[in-house]
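K.L.:
Sequence first, then the predicted structure, then my questions.
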Amino acid sequence: MGNLFSIGFLKNLVVAGYVVKGGTKTVRVRGYPIRLTVDHWRVLRRIRTYSIKEPDTLDWLDNIEPGSCYFDIGANIGQYSLYPAIKLGHDIRIFAFEPQSNNYYALNKNIYLNDLKDLITAYCVAIGGTNGFDKLYVPKFIPGGTVRNSDRNP
């Protein structure tokens, strides 16, 4: 029998604590409160690193002009759709595209939790450079996960 208190067990225990408390966590991103659903430790990591993982992306989003239309391709759980929507309010229209079903579920839940359904429209589709249908290779079927070309099976 393995170690009862493995890292994975402890991570899941922390997530269970959030679930018992309603399953959400609010994080402040550049002064704006954003509420996110917590259903996996990977989502907690995304929340912890929200402001520091991609500061250049947040800088770019800070420069979006009011009245703009923004496409978030590979939206994941929506962190880079939620921020400009909360910051600009009704002065922006966002279309978020996320093909992985767990992330798409979390994306829609986060839109709902932040009352942004009139500003963000989510689509469960992949966007690419060619037209057509293909398989989506998902190495781990977990919320907050990502898919890269290197993950594809030959």
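P.N.:
Noted; the coordinates are in hand.

K.L.:
wait, what's in contact with residue 66?
P.N.:
Going by CB atoms under 8 Å, 6 or more residues apart in numbering, residue 66 touches 88, 91-92. Where C-beta positions appear, they are placed from N, C-alpha and C, glycine not excepted.

K.L.:
residue boundaries of the strands in this protein?
P.N.:
Ranges of strands in the chain, per DSSP state E, are 24-29, 32-37, 68-73, 92-97, 120-123.

K.L.:
what's the second one in contact with?
P.N.:
Residues from elsewhere that reach strand 32-37 (CB under 8 Å, 6+ apart): 23-28, 43, 46-47, 50, 77, 79, 82-83, 86-87, 106, 109-110, 113-114.

K.L.:
Can you select the buried ones among the residues you listed for me in PyMOL?
P.N.:
For the buried members of the contacts of strand 32-37, the matching PyMOL selection, counting by 16 or more other CB atoms under 10 Å, is:
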select buried, resi 24+25+43+46+47+50+77+79+82+83+86+87+106+109+110+113+114
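
K.L.:
about what we covered before: so which of the strands of the chain is the most packed in?
P.N.:
For the strands of the chain, the largest average neighbour count (mean count of other CB atoms under 10 Å) is found in strand 92-97, namely a mean of 20.
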